[in-house]
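Asker: no FASTA, just this:
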Ligand SMILES: [Zn+2]
């Protein structure tokens, strides 16, 4: 079995190292390039895993990267050149710590529906129903009412990115400019978000970019054929989703599945990894899947 693992921000080095030890005991770590060779039928893989980290949060540089170096683990990170160069937060970093009820009420009046109808839905899922321009308008309204100015930038600096690039253990891929839900955007914005991030990153690093990760990454609700076509036009070799399943030789290189790990003790992490494809079934018994929730919201919000 071959797996691709997906991390975001991490706050404890002990936790991250313990997850790496679990993976190390069971799998051989491989690079993204080897995934490409496998899908092109130029290499066989058995019991391997590839580590990916999305967003370029500062915790990659401070917590994850030192552990990767200690164990010499190849990895791929997906960043926005705009967030790094212009020192900007992504919308989900900006709303961290915001009051859920206050935010929900602003969203309800913004889209013109009764607050009661969205009361039981997580704010993060509600925000993912909107276009990126609307998300920032909502953040601005919240800011004027409840906070004073913008948060400090939570992402890595250009110098840190250059250091990672120079040391060569970690490949750097693109992740759009502002992390919109691509399927909510029109063709022009979608193309600019994808191609803009690839081109700006190529200019910054002075070489071709081969890898991309879709923001949020759930097939059908976050991206589809349009996004895949744009990536093919930019000659992206591998694009990563967040579909939870093992890597299969017949997988589309533009839809590489990944297991997201963001919390939990060792038993939880082991269960998630080794139950494998059945994980979603288990999870859905406990908690409604994001896909289902967002489909419900679509009918409530009417878009
Ligand atoms: Zn992301």
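Answerer: Perfect, thanks for sending it. These numbers come from a predicted model, not from an experiment.
Asker: In the stretch 201-303 of the chain, where is pLDDT below threshold?
Answerer: 264-268, 271-272, 274-288 (pLDDT under 70).
Asker: Enumerate the residues of it near the ion.
Answerer: For the stretch 201-303 of the chain, the residues in contact with the ion (C-beta under 5 Å from the ion) are residue 215. (Glycine included, C-beta is placed from N, CA and C.)
Asker: hey, where'd the strands end up in the stretch 201-303 of the chain?
Answerer: 211-213, 238-240, 259-260 (DSSP state E, counting those that start in this stretch).
Asker: Same list (those) but as JSON lines, adding mean neighbour count and distance to residue 156.
Answerer: JSON lines is the format used below for the strands of the stretch 201-303 of the chain (neighbours: other C-beta atoms under 10 Å; distance: least, C-beta to C-beta, whole Å):
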{"stretch": "strand 211-213", "mean neighbour count": "25", "distance to residue 156": "16"}
{"stretch": "strand 238-240", "mean neighbour count": "26", "distance to residue 156": "19"}
{"stretch": "strand 259-260", "mean neighbour count": "18", "distance to residue 156": "20"}
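Asker: okay, now the residue lying closest to residue 245 once chain neighbours are set aside: neighbour count?
Answerer: Leaving aside its sequence neighbours, residue 245 sits nearest to residue 257 (C-beta to C-beta, 6 or more residues apart in numbering; 4.5 Å). Using other C-beta atoms under 10 Å, residue 257 has 21 other residues around it.
Asker: Contacts only, for residue 257.
Answerer: 4, 241-247, 251 (C-beta atoms under 8 Å, 6 or more residues apart in numbering).
Asker: Compare the strands of the stretch 201-303 of the chain and give me the one nearest residue 35.
Answerer: Of all those, strand 238-240 sits nearest to residue 35, with 6.2 Å by C-beta to C-beta.
Asker: Helix, strand or coil: sort out residue 96 for me.
Answerer: coil (DSSP: H, G, I helix; E, B strand; the rest coil).
Asker: separation between the residue nearest to residue 245 and residue 6?
Answerer: 10 Å (C-beta to C-beta, to the nearest Å).
Asker: contacting residues around residue 240?
Answerer: 4, 6, 52, 76, 78, 173, 211-214, 217, 256, 258.
Asker: again, but for residue 38
Answerer: With C-beta under 8 Å, 6+ apart, residue 38 has these contacts: 2, 44-45, 247, 249.
Asker: next one: residue 69
Answerer: Per C-beta under 8 Å, 6+ apart, neighbours of residue 69: 167, 169.
Asker: How many residues are close by residue 179?
Answerer: Residue 179 sits with 23 neighbouring residues when counted by other C-beta under 10 Å.
Asker: How about residue 71?
Answerer: Residues near residue 71, counting by other C-beta under 10 Å: 12.
Asker: Okay then, goodbye and thanks.
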